[in-house]
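Q: Requesting a structural model of the entry that follows:
(2 chains)
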2 protein chains.
Amino acid sequence: MRDVAIVGIGQTKVGEHWDIGLRHLALEALQGAMADAGVERVDALYVGNMLSGALVGQEHLGALVADFAGLRGVEAVKVEAACASGAAALRLGYVAVAGGLSNVVAVVGVEKMTDAPGPEATSAAAMACDADYEAAHGLSLAALHALLMQRYMREYGYTKENFAPFAINAHANAMNNPYAMFHLALKESTYNRARMVADPLNLMDGAPIADGAAAVVLAPVEWARQLNPAPVRVAASAVGTDAVAVHDRRDPLLLDAALLSSGRAYRQAGVAPDDIDFFELHDAFGIMAALSLEATGFAERGKGVRLALDGEIALRGRVPISTLGGLKARGHPVGATGVYQAVEAVQQLRGQAGGSQVPNARLGMTQSIGGSGATAITHILERIV
Amino acid sequence: MRDVAIVGIGQTKVGEHWDIGLRHLALEALQGAMADAGVERVDALYVGNMLSGALVGQEHLGALVADFAGLRGVEAVKVEAACASGAAALRLGYVAVAGGLSNVVAVVGVEKMTDAPGPEATSAAAMACDADYEAAHGLSLAALHALLMQRYMREYGYTKENFAPFAINAHANAMNNPYAMFHLALKESTYNRARMVADPLNLMDGAPIADGAAAVVLAPVEWARQLNPAPVRVAASAVGTDAVAVHDRRDPLLLDAALLSSGRAYRQAGVAPDDIDFFELHDAFGIMAALSLEATGFAERGKGVRLALDGEIALRGRVPISTLGGLKARGHPVGATGVYQAVEAVQQLRGQAGGSQVPNARLGMTQSIGGSGATAITHILERIV
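A: Purely as a prediction, here's the structure:
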């Protein structure tokens, strides 16, 4: 197995891109990443996307994006793992380069969710849940997370207001990210007064649906320095899964998939949570941020919210999260999100995170979660010194 | 890179499975393949599927199928490349084992198209076409193939009746396949009198939509004999792409993606078309069978239909195709089809194809095509002697 590096990154601004289509978003991110890497061809293209069929009426994104990006002929497929689709594409790109099947691989995550001709995005996103045993009974992702949050509050004695620091931290960090959807400092009072979506989860707690695309170029580490002066090594890449339906899991408040995938990643990289300088986690909702921190070993069970209340998730805290806005404030174009996390981690490791820079960041972790936790994909990225 | 073998195969009967769901179909195929390989765990699961979102309201099939099959926790993702989704999953499984990232991998292709709560399957399948420049103007896959057939007839001087041998051969061969959807010998007069779908393409020319699942288990060749007394080596695995919209291609009657992917596969395996003992091609329509034979070097341009008229596609012809029914008569559960082709090729190479056995088959080729030709995925399989 070869060591793999990220040698190029690209991204579009996250937002409501009513003027351009899905393929244009993918193109912009891909061209950015390829220019950053200084490559004009790749051996393979992996496209991460969840909802193009439901929302845009377009499948077959591998060939479509490859051709539109001037890569006609190249090996190209789409990869789907619900909300972790982008991270799944990154994982498969990693597998191809690490195993020596491809040398230079492009990975693009793309999603167009607003102004789409298809059904409402919330019901489309519920296809990440169990269609027969959850979605058919009216459960959306917001409803499922509200149930998890309710249970968490009851088990561990928190109030819904205690979840505010996750959103506030994300919005504060997004102020420094020109690609973020929101540039609004969120006040605690605004969070507490926000319209209820699914009790106890309110509008300021959930990540917004959005349009966007992010891309990376991967190559073997030994070639990396020729392609980019600041390559970043993929120290670990791991996928874990669990039952799709929450009621089938051994414990609804334990993200077993995240536990598995982070455990595999720590072993591969030979590191522990304490070694991680920042953690781009899947803060689709505050409860998910808390459960992720717990499953990956940054907090004990029931202490994820406490970590946030104590300010330890801030840029200079013990485990900075959502450093460029996270899903909550950068925005959550579902199938693109996992690649945005990787792009932002590379920005941190290159020292290009501006006002959101984590001082002296050397080791960053990203974790993308599908649905309410059935897929978790973890990457550990390392600055090559 | 390691040599990879197929050490287990499984499949459901293809048909209208109104009594069971998508996950049950996948389970049946997967259990069959794992039992055949004698394994109870795998390192990763790749699910090939195109339409579960549109037709069943379910994405996230990686985790869903893994859990339902008793593989909770395992690395699992869904792969999509339109009608070539199953073959794309096989390709990624191959990449993982060849590169040493995984040792034992399961690949399952699954599709449930009949009795589905979603939109009509034909319009869903049109998501394989260019949504903005083809499907939005009313073009279905049948309509696109009718245009290609029309152009082919005009260019090369054939009649629509000349395409009958593709369907007749497929139906004859399916008589020997207990898993095939149709067990009806097709008469030339029935083909010629069949109801028109999109002139000149009639109901007997197109492959039926269907439900079904097929699976294989992959492992390194060096382990293969311990797992299965009759392992089959994957001598080549290659993907090629092209523009999704037919009007964007350099020549509508030349399947560039098929040319590219078969060329890559021939080079990898070190063989030429003459070495291939049988060819499981993508006969979604007769015209696609003809164009595939031409793009892969079994016939000159314009001579694919001639090859069929001369009987050379029969079991004892120069290049037997659709030996267990092909898409046309085994049935075409879209995202499963690419894996069915591999399963049937293994049956041939093991000498288990019954009345459809190609005498002394040593080298078989499969090719799965996405949409009207934008993705082509070729595998060459070899009996290990």
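Q: From here on, just use CA atoms for contacts and neighbour counts.
A: OK.
Q: Could you count how many residues lie near the residue of the stretch 51-200 of chain A found nearest chain B?
A: Residue of the stretch 51-200 of chain A nearest chain B, by Cα to the nearest Cα: A:G99 (3.5 Å). The burial count assigned to A:G99 is 25, neighbours taken as other Cα atoms under 10 Å in any protein chain shown.
Q: cool, A:R193 as well?
A: Neighbours of A:R193 using other Cα under 10 Å come to 12.
Q: Next, work out how far apart it and A:T159 are.
A: Separation of A:R193 from A:T159 (Cα to Cα, to the nearest Å) stands at 14 Å.
Q: got it, and A:A124?
A: Applying Cα to Cα to A:A124 and A:T159 gives a distance of 30 Å.
Q: the more surrounded of the two?
A: Set A:A124 next to A:T159 and count neighbours by other Cα under 10 Å: A:A124 wins out with 23 against 14.
Q: Just want the phi and psi numbers for the residue lying closest to that one once chain neighbours are set aside.
A: In space, A:A124 comes closest to A:A54 once its chain neighbours are excluded; the distance is 6.4 Å by Cα to Cα, 6 or more residues apart in numbering or on different chains. Torsion angles at A:A54 (phi, psi; degrees, to the nearest 10) stand at phi -70, psi -40.
Q: A:T378 pairs with what?
A: Beta bridges link A:T378 to A:A238, A:Q367 when assigned by DSSP bridges.
Q: can you tell me which residues contact A:A336?
A: A:G48, A:N49, A:S85, A:G86, A:V108, A:G109, A:V110, A:E111, A:G212, A:A213, A:A214 (Cα atoms under 8 Å, 6 or more residues apart in numbering or on different chains).
Q: tell me which element it is part of?
A: Using DSSP states H and E, A:A336 sits within helix A:334-350.
Q: residues touching the closest residue to A:R318 other than its chain neighbours, list them.
A: Excluding its sequence neighbours, the residue lying closest to A:R318 (Cα to Cα, 6+ apart) is A:E312, at 4.9 Å. A:E312 is in contact with A:R318, A:V319, A:P320, counting by Cα under 8 Å, 6+ apart.
Q: Kindly recompute the last result at 10 Å.
A: A:R306, A:R318, A:V319, A:P320, A:I321 (Cα atoms under 10 Å, 6 or more residues apart in numbering or on different chains).
Q: Output those residues in JSON lines; the columns should cover neighbour count, pLDDT and secondary structure.
A: Shown next, in JSON lines, are the contacts of A:E312 (neighbours: other Cα atoms under 10 Å in any protein chain shown; pLDDT from 0 to 100; DSSP: H, G, I helix; E, B strand; the rest coil):
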{"residue": "A:R306", "neighbour count": "17", "pLDDT": "98", "secondary structure": "helix"}
{"residue": "A:R318", "neighbour count": "17", "pLDDT": "97", "secondary structure": "coil"}
{"residue": "A:V319", "neighbour count": "23", "pLDDT": "98", "secondary structure": "coil"}
{"residue": "A:P320", "neighbour count": "23", "pLDDT": "98", "secondary structure": "coil"}
{"residue": "A:I321", "neighbour count": "30", "pLDDT": "98", "secondary structure": "strand"}
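Q: Now do the phi/psi pair for the closest residue to chain B within the stretch 101-250 of chain A.
A: Distances between the stretch 101-250 of chain A and chain B by Cα to the nearest Cα are smallest at A:T241, namely 4.2 Å. Per-residue torsions, A:T241: phi -130, psi 170 (degrees, to the nearest 10).
Q: pretty sure it contacts A:A376?
A: Yes - A:T241 lies in contact with A:A376 (Cα atoms under 10 Å); the separation is 6.3 Å.
Q: what do those two both touch?
A: Joint contacts of A:T241 and A:A376 (Cα under 10 Å, 6+ apart) are A:L255, A:D256, A:A257, A:A258, A:L259, A:L260, A:S261, A:I369, A:G370, B:A63, B:G73, B:E75.
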